[in-house]
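# just to be clear, the model below is a prediction. Sequence and coordinates:
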Amino acid sequence: MSAQTLLDKLEGVKGRNGHWRARCPGHGSKGGTLAIREEQDGRVLLHCFAGCEPLQVLQAVGLDWHDVMPARLTEGHLKPIRQPWAKSAMQAMRRELTVALLVLGDIEHDRAVTRTDKARAGKAAGSLSKWLKTLEE
């Protein structure tokens, strides 16, 4: 079995060489929110940027792990693969959201917002907008 079993059931598939993006069937996305990667040992890695669980994605197209993973990998326990960039990306996103929430709180409570605060909030909005576009692709 391989990633191709899953790719054949997905819509909007783009990519090559073991890395693809597609519409996530778990939540019916219109953009490429589902990342699929096939490792050299045959493992298929799935990540939905909208938050769907990998098994939810597979079940939405009538598949299970046994349909996409090599038999030797589905029989035992697999150690999860850690993606070191994910933690730093989430921390950066959290910082930008905090900035935006602080400035919005000041506006809501009719507190003065300085030019510096406005500029920083604009930068946060730009970063958050880029991340949202990435999630919608």
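Yes, it's here. Residues are numbered from 1 along each chain as shown.

# so who does the residue most central in space within the chain touch?
Central residue of the chain (Cα atoms, centre = their mean): Phe49, 2.0 Å from the mean position. Going by Cβ atoms under 8 Å, 6 or more residues apart in numbering, Phe49 touches 33-35, 134-135. Using the backbone N, CA and C atoms, a C-beta is placed for each residue, glycine as well.

# same question for Val44.
Contacts for Val44 were tallied using Cβ under 8 Å, 6+ apart; they are 2-3, 6, 36-38, 68-69.

# narrow those to those in strands?
Taking DSSP state E, the ones among the contacts of Val44 that sit in strands are 36-38.

# just the pLDDT at Pro54, thanks.
Pro54 carries a pLDDT value of 89.

# tell me how this protein divides into domains.
What automatic domain parsing lists as the domains of the chain is 3-74, 84-136.

# buried deepest among those domains, which one?
domain 3-74 (a mean of 16; mean count of other Cβ atoms under 10 Å).

# show me how far that one is from its chain's centre.
12 Å (Cα atoms, centre = their mean, to the nearest Å).

# where does Gly62 fall, phi/psi-wise?
Main-chain torsions, Gly62, degrees, to the nearest 10: phi 80, psi 30.

# which residue, other than its chain neighbours, is closest to it?
Nearest residue to Gly62, sequence neighbours excluded (Cβ to Cβ, 6 or more residues apart in numbering): Lys9, at 7.3 Å.

# if we can go back for a sec, tell me which two of the contacts of Phe49 sit farthest apart.
Greatest spacing in those, by Cβ to Cβ: Leu34 and Thr134 (12.7 Å).

# residues in contact with stretch 3-13: which ones?
For stretch 3-13, contacts defined as Cβ under 8 Å, 6+ apart pick out 18, 20-23, 25, 31-32, 34, 36-38, 44, 46, 58, 61-63, 67-68.

# try it again with 7 Å
20, 22-23, 25, 32, 36, 38, 44, 61, 63, 67-68 (Cβ atoms under 7 Å, 6 or more residues apart in numbering).
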